[in-house]
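Asker: Sequence first, predicted coordinates after that:
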Amino acid sequence: MNVDEALHLLKQGTTELLPEATLKQKLERSAQTGKPLRVKLGIDPSAPHLTLGHAVVLRKLRQFQDLGHTAILLVGDFTRLVGDPSGESSTRPLITKEIIEENMKTYQEQAFKILDPEKTELRYNSEWLNPLGVQGIIQLTSKYTVARMLERDDFSKRYEENSPISVLEFLYPLLQAYDSVALEADLEMGGHDQLFNLLMGRDIQPHYDQESQVVLTVPLLIGTDGTKSMGQSKGNYIGISEAPEQIFGKIMSLPDELMQQYYELLTNVPWDEVKDLHPKACKVRLGKIMVSWFHSEADAQAAEDNFEQVYARKEVPDDMPEVGVNLANFEGGSIWIIELLDQANLIGTRSEARRLVQQGGVQIDGEKITEVDFQVTPQNGMVLKAGKHKFAKIKLEG
RNA sequence: GGUGGGAUACCGAAGCGGCCAACCGGGGCGGACUGUAAAUCCGCUGGCUACGCCUACGGGGGUUCGAAUCCCUCUCCCACCA
């Protein structure tokens, strides 16, 4: 593949690639010298899952690897320890080093479902930020102005809205920029919300006698709620290490309108090929592609079958948790329906269970129960259903 | 340092002495519908040993027959001025 073809490929599915000419130069130089480009991607180790949102960038990173370049997965362990309050929320909970390390273990595993481990460099920014010291940080802060800081969209917005911005938040992008210095990054990529931070790296590097990195951003994947970008703190994510049925189910529950974006950002299937399918079929296909990607084709098929069985045909799943019931503990050999639901762990609170019963969401062996005071005479193998998809099977004991 | 504003349930946001377990929106849950766990429509949404009881409107104290609502104080936050 020649440089122009590579450039064309790399540019696909990006929202920004700046400056393109510089990337071309870098690619050319790399081709001549045989020295791979260093491509940086920072990840926040605060939550244990990588999501489909990450998968979008990771795919892009993989393309660089396939062209022979080096991927640098940068873990912001230092910056995270300091606590990054960036975004809407003011203060993020502090987490410990142990948790970060724990998370990282699973991150690596997950990331390598997409990346080539051979061409990946895993780094922690505490490596250079710790020794940097106050002096180093002060020096760093002298290289950027408050006015430029306020250019950042979410800063200016929050400033106007009178919501707080801590000084720490100004520091955060600077430290991130310094990471690029330490890593001698040729290019840094990220979600589109990272644009400002990435550009700051460009500005800072020359102060340390380095060539500026190229900046590449990809669109933010919309989460399962259909409105906000996918993120773990927002609870609207699909994790790439989730169980096959989970991934499949979550895909199926995405709003139909999201399909185009998901196909374009996460698959090699052209949208034209699937856009005329029935919306359900379109989603099923996507769901299977995703499960196959992170698990296997067999898992994908199984997930689909399970879905059809439980949700489409509303049948009882093959396996479900069992509840042990000891009749000796109950007078007259019967048990209050609310009590039973509670024991089966199908509900959060008993008030919730009452509502569920009143609203017709509880069934025993397919019979709808509507009386809150209903007394059940348990039998072995009785199937209890609470809500749309929570089941339990009764097992007599004693 | 000064002045003013604010803190309400999972989130956002009303209420400003009894009609408040607290309007409304989001979220969540349930039901109906559907070749989707999509969309749409309807309902529910503090807990409990449940026609009653308990806990709740930043923390503590007070006024009152009665407070989320009034007073005092503490904590935290925001803005403006310096």
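Answerer: Thanks, I have the structure now. Numbering: from 1, shown residues only, chains lettered A, B, ... in the order given.
Asker: Up against RNA strand B, what does chain A have?
Answerer: A:159, A:162-164, A:225-226, A:245, A:248-250, A:252-256, A:278-281, A:283, A:307, A:310-312, A:338, A:348-352, A:354-356, A:359-361, A:387-390 (CB under 7 Å from any atom of the strand). In this view, the C-beta of every residue, glycine as well, is placed from N, C-alpha and C.
Asker: Need the buried ones from those selected in ChimeraX.
Answerer: Selection of the buried residues among the residues of chain A next to RNA strand B in ChimeraX, burial being defined by 16 or more other CB atoms under 10 Å:
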select /A:245,248,249,250,252,254,283,307,310,338,352,354,356,361,390
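Asker: Of the residues of chain A next to RNA strand B, which belong to helices?
Answerer: Judged by DSSP state H, these include A:159, A:245, A:248-250, A:252, A:279-281, A:283, A:307, A:338, A:350-352, A:354-356 as members of helices.
Asker: Now do the same contact list for the residue nearest to the spatial centre of chain A.
Answerer: Ranked by distance to the mean C-alpha position of chain A (CA atoms, centre = their mean), the top residue is A:Thr51 at 2.0 Å. Residues counted as contacts of A:Thr51 (CB atoms under 8 Å, 6 or more residues apart in numbering) are A:Leu221, A:Met230, A:Gly231, A:Gln232, A:Tyr237, A:Ile238, A:Gly239, A:Ile240.
Asker: Out of those residues, which one has the lowest pLDDT?
Answerer: pLDDT across these is at its lowest for A:Gln232, which sits at 79.
Asker: Checking that residue next. Helix, strand or coil?
Answerer: When classified by DSSP: H, G, I helix; E, B strand; the rest coil, A:Gln232 comes out as coil.
Asker: Ok, A:Asn380 next?
Answerer: Assignment for A:Asn380 (three-state DSSP): coil.
Asker: A:Leu384 - how many residues pack around it?
Answerer: 25 (other CB atoms under 10 Å).
Asker: right, and it touches A:Ala392 too?
Answerer: Yes: A:Leu384 lies in contact with A:Ala392 (CB atoms under 8 Å); the separation is 4.7 Å.
Asker: which residues are common contacts for these two?
Answerer: Common neighbours of A:Leu384 and A:Ala392, using CB under 8 Å, 6+ apart, are A:Val323, A:Ala344, A:Leu346.
Asker: Please name the residues that touch the last one.
Answerer: Each residue near A:Leu346 by CB under 8 Å, 6+ apart is listed here: A:Ala353, A:Leu384, A:Ala386, A:Gly387, A:Lys390, A:Ala392.
Asker: Model confidence score at it, please.
Answerer: 91.
Asker: What of the first one?
Answerer: In the predicted model, A:Val323 carries a pLDDT score of 88.
Asker: got the contact list for A:Gly226?
Answerer: Counting by CB under 8 Å, 6+ apart, A:Gly226 touches A:Leu254, A:Pro255, A:Glu257, A:Leu258.
Asker: which one is A:Ser126 nearest to, not counting chain neighbours?
Answerer: Distance criterion CB to CB, 6 or more residues apart in numbering; nearest residue to A:Ser126, sequence neighbours excluded, is A:Phe78 at 3.9 Å.
Asker: and of the contacts of A:Thr51, the nearest to A:Asp154?
Answerer: A:Gly231 (14.2 Å; CB to CB).
Asker: which ones are touching that closest one?
Answerer: A:Thr51, A:Gly53, A:Gly223, A:Tyr237.
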